[in-house]
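1. following is a predicted model, sequence given first.
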Amino acid sequence: MGRLLYELGRIDEKKRIANERGSSKIGKSSFSWAWELDASTEERERGITMDIALQSLSTPHREITILDAPGHKDFIPNMISGASQADSALLVVDAATGEFEAGFQRGGQTREHLLLVRSLGVSQVIVAVNKLDQVQWEQTRYEQICNALRPFLVQSGFHPSKTKFVPVGAVAGINLTTRQDSEVEPLSKWYSGPTLTDLLDALEPPSRNITAPLRFPISNVFREQGAGLGVAGRVCGGVVQVGERLRILPGDGTAVVKSIMNDDKSLPWAIDGANIIIYLTSVDPAHLAIGSVLCRPSDIIPLSSLFTARIIIFDIDIPITVGASVELYHHSHDVPASISKLLATLDRATGAIIKKNPRVSAKGASAEVQISLRPSGTSGPSAKAQPIPIEPFSANKDMGRILIRRGGETIGAGERLAGGMRLLFMLIL
Ligand SMILES: Nc1nc2c(ncn2[C@@H]2O[C@H](COP(=O)(O)OP(=O)(O)OP(=O)(O)O)[C@@H](O)[C@H]2O)c(=O)[nH]1
């Protein structure tokens, strides 16, 4: 991503040299391009992305916000927070012998990331097959990787027409924005398709729901000298304007929008889909937390600690039983929860009930379950679970999606159902 930003003129020569010098000083010169996005000392010393980094780039027809997400298994919660703000995915796979296989084996990160982004509503994916220099730019290796991924992408719910592949050599900048002729570039001997930038430029912009009630789930809270208290995130419905007073949920706090920033530009307003920073005034900082949601006072998001959801269960070894302890992921929130009821097993295609009140839900099944949040481990024995701002999927898709993990593994994904919907359906019948 660092090299792409450089090719597109987003990193100047001075910055490139500074990153090169800094990374070589700590013996990590091969990570100099990653320094542009991995800005913390720990990320730079370890040579891995740990948190989401925000950047932007322009192609001839698109303005794109990049949320660079960690690939390492230990940082999946941060990856989920980033992916839940994304419209499209760029999956970078390593073509080196054994490396692609390690990510694509059962339980590997390539599989988990693809399932996660699709479950979070992302329907377009570009797969950049990288490090082809490590396999002498062999066409057969590129095709082997594409052929292995294609069926898995379809199985994960990506439509083939929204799935694109591109061979690249990121460090040398090959096929990111241009390709040289075949005399100097081995890739040109067998590839004449689009570059990575061509594919980014052809991404379909999603439709924006500006008439929906405003929802702004907070992914970060920080204080900046001169600018004051800021919250970062993505508008998930509606419009937010400078000067308006907003409610902060959960809690009874309010705040006034002092300014809105997008990629260093000050905006009078921002709409559904925009990744922005909102600077707030007239606010008690104690009310602001990662995972809280800003709304208009006249149309606030519901809070819930007990709800029904329709989920798809991933490839798991131990089936889900009633009472199973899980971690619930919703935007930047992750909270302890349990599957308090298994209401039904459903047909994955039609949603029709196959079995009511099953004892277990096994891998691959679709199920309707009741989820109860549990008090966090740090609260006392009599503590109650704190409700979170979560809406039925039918009211706001972005605010209704959930992921369920157990023991560091994602076991299912789905959507919150509107309360009593199934009951109403049965009464009509
Ligand atoms: N040979 C070769 N090495 C590459 C290429 N692209 C990246 N690398 C190397 O791969 C290593 C990892 O690069 P990163 O950019 O940190 O990869 P990443 O996927 O962002 O890793 P995380 O941030 O930890 O998820 C670095 O040492 C890079 O120099 C390439 O095209 N060829």
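-> Nice, thanks for sending it over.
2. first vs last residue of stretch 191-206, how far apart are they?
-> Stretch 191-206 has an end-to-end distance of 30 Å (Cα to Cα, to the nearest Å).
3. now that stretch: how far from the chain's centre is it?
-> Distance of stretch 191-206 from the chain centroid (Cα atoms, centre = their mean, to the nearest Å) equals 20 Å.
4. same question, stretch 382-397
-> Distance of stretch 382-397 from its chain centroid, counting by Cα atoms, centre = their mean, is 19 Å.
5. residue 238 against residue 273, yeah?
-> No. Judged on Cβ atoms under 8 Å, residue 238 makes no contact with residue 273 at a distance of 10.6 Å. C-beta here means a position set from N, CA and C on the backbone, and glycine is covered the same way.
6. residue 51 and residue 251: what is the separation?
-> In this view, residue 51 and residue 251 are 25 Å apart by Cβ to Cβ, to the nearest Å.
7. between these two, which is the more surrounded one?
-> Using other Cβ atoms under 10 Å, the more surrounded residue of residue 51 and residue 251 is residue 51, with 19 against 14.
8. can you tell me how far that one is from residue 362?
-> Counting by Cβ to Cβ, the gap from residue 51 to residue 362 is 35 Å.
9. and if you look at residue 276?
-> Plainly put, residue 276 is 42 Å away from residue 362 if you go by Cβ to Cβ.
10. kindly report the same for residue 206.
-> 34 Å.
11. distance of residue 402 relative to residue 370?
-> Counting by Cβ to Cβ - residue 402 and residue 370 are separated by 13 Å.
12. identify the contacts common to these two.
-> residue 309 (Cβ atoms under 8 Å, 6 or more residues apart in numbering).
13. how many other residues sit next to the nearest residue to residue 221 once chain neighbours are set aside?
-> Nearest residue to residue 221 in three dimensions, chain neighbours excluded: residue 288, at 4.9 Å (Cβ to Cβ, 6 or more residues apart in numbering). Other residues near residue 288 come to 20 when the count uses other Cβ under 10 Å.
14. got the contact list for residue 288?
-> With Cβ under 8 Å, 6+ apart, residue 288 has these contacts: 218, 221, 229, 231, 248, 253, 255, 280.
15. and if you look at residue 92?
-> Residues in contact with residue 92 (Cβ under 8 Å, 6+ apart) are 71, 128, 130, 170.
16. how about a cut-off of 10 Å?
-> 1, 71, 110, 126-131, 168, 170, 196 (Cβ atoms under 10 Å, 6 or more residues apart in numbering).
17. ok, back up a step: okay, and the common contacts of residue 238 and residue 273?
-> Common neighbours of residue 238 and residue 273 (Cβ under 10 Å, 6+ apart) are 208-210.
18. please name the bridge partners of the spatially closest residue to residue 358 that is not a sequence neighbour.
-> Nearest non-adjacent residue to residue 358, counting by Cβ to Cβ, 6+ apart: residue 345, 4.9 Å away. Assessed by DSSP bridges, residue 345 has beta-bridge partners residue 355, residue 367.
19. residues contacting residue 345?
-> Residue 345 neighbours (Cβ under 10 Å, 6+ apart): 313, 353-358, 360-362, 365-368.
20. repeat that for residue 290.
-> By Cβ under 10 Å, 6+ apart, residue 290 lies in contact with 81, 217-221, 231-233, 331-333.
21. could you do residue 18 as well?
-> Listed by Cβ under 10 Å, 6+ apart, the contact partners of residue 18 are 11-12, 32, 35.
22. just the buried subset of the residues you listed, please.
-> 11, 32, 35 (16 or more other Cβ atoms under 10 Å).
23. quickly name whichever of those residues is closest to residue 259.
-> Proximity of the buried ones among the contacts of residue 18 to residue 259 (Cβ to Cβ) peaks at residue 11, which lies at 26.5 Å.
24. grab the nearest non-local neighbour of the closest one.
-> Closest residue to residue 11 in three dimensions, ignoring its sequence neighbours and counting by Cβ to Cβ, 6+ apart: residue 5, at 5.0 Å.
25. ok, then the element right after the one helix or strand that neighbour maps to?
-> Per DSSP states H and E: residue 5 is located in helix 2-7. Moving toward the C-terminus from helix 2-7, the next helix or strand (DSSP H and E) is helix 13-25.
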